[in-house]
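> sequence and predicted structure are below.
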Amino acid sequence: MILHEIETAGRDQMESLQLERLRKTASLVYHSVPFYRDHFEARDIHPDDIRSLEDLKMLPLTTKKDLRDHYPFGMFAVGQEELVRVHASSGTSGKPTVVGYTQKDIDMWGDIVARAIAMAGGRPGSVLHNAYGYGLFTGGLGLHYGSEKLGMITVPVSGGNMDRQITLIEDFKPTVICGTPSYVLNLAETIESQGKDPARLSLQVGIFGAEPWSDKMRETLEGILDIKACDIYGLSEVIGPGVAMECPEAQDGLHIAEDHFLVEVINPDTLEPVADGEAGELVFTSLTKEAFPIIRYRTGDIASIQRGSCPCGRTTVKMSRVKGRVDDMLIIRGVNVFPSEMEHHLFELKELAPHYQLHLKKKGALDTVELHVEVSPEYYAGLSGNIGHEKVGELITKVKRVMKNGCLVSMDIRVRAPKEIPRSEGKAIRIVDLREEAVLP
């Protein structure tokens with residue numbers, strides 16, 4: 001086990017370091033970012049007023065809209081001559097959010113991700129297969145630089161091209177694979193379709209993130225690949241992957257890199273803090289970034305935090321696995337539900353393959369939800385290859401009952417044949433909005 005000294009720090013030591021770094025960050029944004037200076041002055045706040053971590057609550061919340069309103073470089077705290085890289089979101093629902101890094105930021109980010117990979121079980125000299133996308137998305141390069149910092153042999157495969165992925169895994173024999181869980185599941189199923197056993201590969205650890213995924217998805221990945229599947233969390237606005245990482249010893253929450261990021265959880269409606277253990281919207285403040293420091297950023301991700309000891313020996317605050325995003329929550333006949341909650345129950349049904357989509361439609365003036373599920377190849381063979389078989393009606397009844405009992409929702413079910421639901425080449429598309437013929441990411 002590789003433990004970084006700060007990961008086992010006492011609470012007083014950690015909070016003293018956080019306060020020191022928070023004061024420096026508040027001073028940096030006050031003097032270098034007009035957006036924050038204006039908000040500080042509107043509240044009659046000066047960085048010198050921050051005397052405890054509780055004073056963080058005096059500072060303004062930052063939203064994705066704020067970043068878009070100051071596109072592209074209005075939120076940066078340094079001039080372009082000090083930047084060495086920028087990343088950006090996809091911008092599918094408006095202007096992209098742009099983030100920047102100095103060389104010190106890049107080096108620090110690499111250290112953070114190296115700690116995360118080591119936590120999951122990566123070791124110097126072993127091979128890491130990186131199937132996250134490279135480019136403006138932070139996943140690929142974030143894991144890449146962290147892997148190199150740790151001293152691993154890094155294979156920068158990116159996504160797509162399944163045959164090449166499989167060949168490289170078979171030939172290079174990596175112990176660690178990184179990617180979105182839906183893409184790696186697709187990869188494993190492709191290996192099976194070639195008559196091979198994915199569990200016989202060299203892989204020992206999977207580092208998965210960039211989309212919400214359930215414990216049932218974890219069980220599926222661990223079973224089919226014979227690995228430990230660990231969750232990694234991050235987002236470009238905060239830094240990228242590495243903000244938090246799950247340890248294989250416990251697998252019951254992700255250790256936050258608290259020496260670099262302060263976490264809060266708020267009620268997304270009232271904006272008031274919620275108690276430890278209660279789900280709400282994650283809010284992060286960066287403590288060590290130079291180019292793009294962020295104060296109380298509303299992530300849109302729903303999770304909870306917990307404090308206490310962990311079997312791995314770390315003392316850092318842990319966040320739960322992300323339950324979903326505020327804007328992904330569906331209201332079905334008055335019941336709030338996240339796709340990942342449905343996934344958990346769907347994956348318990350042996351008749352189904354681990355692939356699904358939710359189609360949003362209009363029926364008159366009302367919004368409706370149609371759940372598309374895919375039968376497993378074994379079940380399909382029992383139908384004699386006929387998706388119109390009378391047994392499918394029994395399966396639909398069963399799926400409806402599971403959704404009603406597990407998620408308290410009723411919805412229409414459409415059963416699809418194997419491979420009919422599109423496979424992921426990156427982040428899975430779980431929600432298809434047909435009300436305006438648009439696909440939500």
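Ah, there it is. Numbering: from 1, shown residues only.
> CA atoms only for the top strand by length along the chain, dumped as PDB, please.
As assigned by DSSP state E, the longest strand anywhere in the chain is strand 352-363. Coordinates of each C-alpha in strand 352-363 appear next as PDB, following Å, rounded to 0.1, in the frame of the first residue of the first chain:
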ATOM      1  CA  LEU A 352     -31.200  -8.300 -19.300                       C
ATOM      2  CA  ALA A 353     -27.900  -7.100 -20.700                       C
ATOM      3  CA  PRO A 354     -26.300  -4.200 -18.700                       C
ATOM      4  CA  HIS A 355     -27.400  -1.600 -21.300                       C
ATOM      5  CA  TYR A 356     -30.400   0.700 -21.100                       C
ATOM      6  CA  GLN A 357     -31.700   4.100 -22.200                       C
ATOM      7  CA  LEU A 358     -34.500   6.400 -21.100                       C
ATOM      8  CA  HIS A 359     -36.500   8.000 -23.900                       C
ATOM      9  CA  LEU A 360     -38.300  11.200 -23.000                       C
ATOM     10  CA  LYS A 361     -41.400  11.800 -25.100                       C
ATOM     11  CA  LYS A 362     -44.500  14.000 -25.300                       C
ATOM     12  CA  LYS A 363     -48.000  12.600 -25.000                       C
END
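> on contacts alone, who are the packing partners of that strand?
helix 215-225, helix 339-346, strand 366-375, strand 431-433 (3 or more Cβ pairs under 8 Å, 6 or more residues apart in numbering; DSSP states H and E). Any C-beta I mention is one placed from the backbone N, CA and C, and that applies to glycine too.
> in JSON lines, list the ones you listed along with distance to R416.
As requested, the helices and strands packed on strand 352-363 are exported to JSON lines (distance: least, Cβ to Cβ, whole Å):
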{"stretch": "helix 215-225", "distance to R416": "18"}
{"stretch": "helix 339-346", "distance to R416": "13"}
{"stretch": "strand 366-375", "distance to R416": "5"}
{"stretch": "strand 431-433", "distance to R416": "13"}
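> can you redo those as JSON lines with mean pLDDT, distance to F208 and mean neighbour count?
JSON lines is the format used below for these (pLDDT from 0 to 100; distance: least, Cβ to Cβ, whole Å; neighbours: other Cβ atoms under 10 Å):
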{"stretch": "helix 215-225", "mean pLDDT": "96", "distance to F208": "7", "mean neighbour count": "19"}
{"stretch": "helix 339-346", "mean pLDDT": "88", "distance to F208": "13", "mean neighbour count": "21"}
{"stretch": "strand 366-375", "mean pLDDT": "88", "distance to F208": "21", "mean neighbour count": "18"}
{"stretch": "strand 431-433", "mean pLDDT": "87", "distance to F208": "20", "mean neighbour count": "16"}
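> which one of these lies closest to C310?
Closest to C310 of the helices and strands packed on strand 352-363, according to Cβ to Cβ: helix 215-225, at 17.8 Å.
> who's in contact with that closest one?
181, 184-185, 188-189, 192, 198-199, 201, 203, 206, 208, 227-229, 251, 321, 343-348, 354 (Cβ atoms under 8 Å, 6 or more residues apart in numbering).
> which of these are buried, as a ChimeraX select command?
Only the buried entries of the contacts of helix 215-225 go into this ChimeraX selection, using 16 or more other Cβ atoms under 10 Å:
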select :181,184,185,188,189,198,201,203,206,208,227,228,229,251,321,343,344,345,346,347,354
